[in-house]
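In: For reference, the sequence and a predicted model appear below.
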Amino acid sequence: MSIGDDGRLNIWNADNYELEQALLRDKLDDLVRLSAVSISPDDQYIAIGDLKGKVRLFQSGNSSPVMTFQHRDQIRGLTFTKDGRWIACNDFMGFISVWPLNETVESRKKVWKAHSGRVNLVAVSPEDSKLYSLGEDGKVLTWKGITEHTYRQLDSTDRYFYDVEIVSTPDGEQLLTLSTNKLELWDPVSAQVKDVINFSDFPVTTLALSHDSRIFAAANSKGQFVLYDLWDKRVLKTWQFPGINPSQMKFSPSKEMLAVVDTTLDSKMRFCLFDLASASRIENLPDDIQNTIAFSKDDKFLYFSNDQNQLCVWDFEQQKVIQQLKGHEHGIKSIISLKSDHFIASSGGDRMIRIWENGPWTVKDVLNGHNADVEHMISGEFERRLFTAGSDNCITVWNTDEDSFERLIEIDTGDYSPVRLSLSEDNKYLVALVSRKNFDPGSLSKVTSKVRIYDWINNDASQSPASLP
C-alpha cells in the first residue's frame, strides 16, 4: 500500500506489482492530505489517517469506511494489534490513542501523553501485552497493557443522579448517591443497591462528605440541614437556617465547620459557615464568594472565587483575605489543595488549570488539555495524581509526582460530560457522575445523568524505558 500527495491510497499486488485498487481523496469526503495507513493482521481491514486527525477503517474491497475515529491532532502513524481487536495511532503533539474495534464495546478510546514533541513510531509486542513508542525527545518507552476504559454503570431507571461519593464503611467501600429525593448506598463491584437512607419529610438536594468518609451533611432548598453518621447509621444533628438554598457544601478537614454556598440567581445570601458543634453561623466572613470553596488541609485557610474570577485566600486567624490571585479569564468552578497544602489548583471556564504555590502565592504551572470548562478536580494515589473533569467529555489524569505537572491519560466519556469525580481510598475505583442534554423532543427530561465505575488500577497506563540491544 502507498499514499501520496495526490490524495490516493494505492493497493498493489505483491507478486506482479500491479495496481489492484485505488481509493481517491474525494471518496474520503474531506479534501485533506492522507498521512498514515495500516492493514490488519488478517488482511480484512485497512486503516487510513489524515492531517485532520481522522482515522477511517475500510473493509478490504469496499470503498466506504465501516468505522471512523477522531483523534485530537494530525495522524503520524497507525498500527493494529496482533489480534486485530485494537488500533493505535500516534501524532505530532506527543499523544497516543488506542481504540477498540469491537463495536459492542461501550467504552471509547484511550488517550495519553507519551512524549515531548512528536511520536515518530508506535509498535505492538507479539503477545499484545505492551506498546512501544519512539519519540522526537529521543526516548523509547514501553507502555504496559492495551486495555479500554471499561466501566460498570449504576441503574438510572427512575433516577436522576445529582451527586456521588465513595464512602468507607465497616462493610467496606460503597458508593453514596444522591438522586431525586433519595440517598442510596451501592456495591461498587456488583453496581447494586445495598441500602437506602430515608429522611422523612426531608427532600435532600445537596450533599457533602467528611474527609474520613464517615459523616455526610445533607441539605435542601428550605435551608434544612442534617448530619448523618454512616458507620453508626444514625442522625447526629438537624437544624434549619432559612434564606439559603445550598448548591455546594464542604466540610473542613477537622469536621468542625461546614461551608455552604448558594449560587441560585435570586440568592440574597451567597455564603455561610456553620460551627458544627453548635450548628450556629460563624460571623465576620467574606461576602463576595461566588462559585466554589475549599479548605486547606490544616484548616488555616479558606479558598474561594470572587466575582472578578480571582482565587482568594481567607486566613481564619487574621479574619481577612490575605491574597487575591489573578489569572483566570472566566469563572472558577473548582479549587483543590495538593501535596499537603504546598500547592492549590484552580480551574474553570477558561479551560485552564492553574497551579499556585502556597506561601509565595505565585503560579507554579498552567495546565492546558481540556477544550471546554473544567468542572471538577480531585487528587488521588497519595496525591501523585490530579483528576480533572471537563465539559469536553473528557477525564484527564495528571502526574503531580514530579516538579512539573504532566498529562498522563485521557478517558473519553463519549456523549456524556463528566461533572463530578470520586476516587476510592485504595485507588481501586474511579467514579464519575456524567450528564448529557437530551435533544429528543419526546424526552421527559431535558438532562440525563449516569454514574460510572472505572476499575482505576487496571487502567493506569505506566511507562518504563525500553530495554534495547
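Out: On my side now, so go ahead.

In: remind me which residues of the stretch 251-400 of the chain are low pLDDT?
Out: For the stretch 251-400 of the chain, the stretches with pLDDT under 70 are 265-269, 381-383.

In: Could I get the full set of strands for it?
Out: 257-261, 271-275, 280-282, 293-295, 301-305, 311-315, 320-325, 332-338, 343-348, 353-357, 362-367, 374-380, 385-390, 394-399 (DSSP state E, counting those that start in this stretch).

In: Distance to Y160 and mean neighbour count for those strands - can I get that in JSON lines?
Out: C-betas here are computed from N, CA, C, even on glycine. JSON lines is the format used below for the strands of the stretch 251-400 of the chain (distance: least, Cβ to Cβ, whole Å; neighbours: other Cβ atoms under 10 Å):
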{"stretch": "strand 257-261", "distance to Y160": "22", "mean neighbour count": "23"}
{"stretch": "strand 271-275", "distance to Y160": "27", "mean neighbour count": "19"}
{"stretch": "strand 280-282", "distance to Y160": "31", "mean neighbour count": "13"}
{"stretch": "strand 293-295", "distance to Y160": "25", "mean neighbour count": "22"}
{"stretch": "strand 301-305", "distance to Y160": "27", "mean neighbour count": "24"}
{"stretch": "strand 311-315", "distance to Y160": "32", "mean neighbour count": "21"}
{"stretch": "strand 320-325", "distance to Y160": "36", "mean neighbour count": "14"}
{"stretch": "strand 332-338", "distance to Y160": "21", "mean neighbour count": "22"}
{"stretch": "strand 343-348", "distance to Y160": "25", "mean neighbour count": "25"}
{"stretch": "strand 353-357", "distance to Y160": "29", "mean neighbour count": "20"}
{"stretch": "strand 362-367", "distance to Y160": "31", "mean neighbour count": "15"}
{"stretch": "strand 374-380", "distance to Y160": "17", "mean neighbour count": "21"}
{"stretch": "strand 385-390", "distance to Y160": "18", "mean neighbour count": "25"}
{"stretch": "strand 394-399", "distance to Y160": "21", "mean neighbour count": "22"}
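
In: Determine which of the ones you listed approaches E127 most closely.
Out: strand 394-399 (26.1 Å; Cβ to Cβ).

In: Could you provide the strands of the stretch 251-400 of the chain in a markdown table, with additional columns for distance to L57?
Out: Output for those, formatted as a markdown table (distance: least, Cβ to Cβ, whole Å):
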| stretch | distance to L57 |
| --- | --- |
| strand 257-261 | 48 |
| strand 271-275 | 53 |
| strand 280-282 | 60 |
| strand 293-295 | 45 |
| strand 301-305 | 45 |
| strand 311-315 | 45 |
| strand 320-325 | 47 |
| strand 332-338 | 37 |
| strand 343-348 | 35 |
| strand 353-357 | 34 |
| strand 362-367 | 33 |
| strand 374-380 | 32 |
| strand 385-390 | 27 |
| strand 394-399 | 22 |
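
In: For M67, find the nearest of these.
Out: Per Cβ to Cβ, nearest to M67 of those: strand 394-399, 20.5 Å.

In: angle of the closest one against strand 385-390?
Out: 160 degrees (axes from the mean of the first three to the mean of the last three Cα atoms, to 10 degrees).

In: Quick one: name whatever helix or strand follows strand 394-399.
Out: Using DSSP states H and E, the helix or strand that directly follows strand 394-399 along the chain is strand 406-412.

In: which residues touch H370?
Out: By Cβ atoms under 8 Å, 6 or more residues apart in numbering, H370 lies in contact with 351, 353, 388, 390-392, 394, 396.

In: so how far is G390 from it?
Out: Distance, H370 to G390, using Cβ to Cβ, to the nearest Å: 4 Å.

In: Could you name every residue contacting both of the two?
Out: Counting by Cβ under 8 Å, 6+ apart, the residues touching both H370 and G390 are 351, 396.

In: Quick check: beta-bridge partners of the residue nearest to the spatial centre of the chain?
Out: Taking Cα atoms, centre = their mean, the centroid of the chain lies closest to I395, which sits 2.2 Å from it. Counting by DSSP bridges, I395 is bridged to A389, I411.

In: doesn't L421 make contact with it?
Out: Yes. I395 is within contact range of L421, at 6.9 Å (criterion: Cβ atoms under 8 Å).

In: one step back: I'd like the contacts of H370 laid out as a markdown table, including distance to A114.
Out: Converted to a markdown table, the contacts of H370 look like this (distance: Cβ to Cβ, whole Å):
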| residue | distance to A114 |
| --- | --- |
| R351 | 22 |
| I353 | 20 |
| T388 | 19 |
| G390 | 20 |
| S391 | 25 |
| D392 | 20 |
| C394 | 17 |
| T396 | 14 |
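
In: nearest to R33, of these?
Out: Using Cβ to Cβ, those come closest to R33 at D392, 25.9 Å.

In: Mind listing the residues bridging to L131?
Out: Residues in beta-bridge contact with L131 (DSSP bridges): V124, W143.

In: okay, G243: pLDDT?
Out: With respect to pLDDT, G243 scores 82.

In: anything in contact with each of I395 and L421?
Out: Common neighbours of I395 and L421 (criterion: Cβ under 8 Å, 6+ apart): 387, 389, 430, 432.

In: Quick check: the farthest pair among those residues?
Out: A389 and L430 (10.6 Å).

In: joint contacts of those two?
Out: In contact with both A389 and L430: 395, 421, using Cβ under 8 Å, 6+ apart.

In: number of nearby residues for the residue lying closest to G135 once chain neighbours are set aside?
Out: The shortest distance from G135 to any residue other than its chain neighbours is 2.9 Å, reached at H115 (Cβ to Cβ, 6 or more residues apart in numbering). If you count neighbours by other Cβ atoms under 10 Å, H115 ends up with 21.
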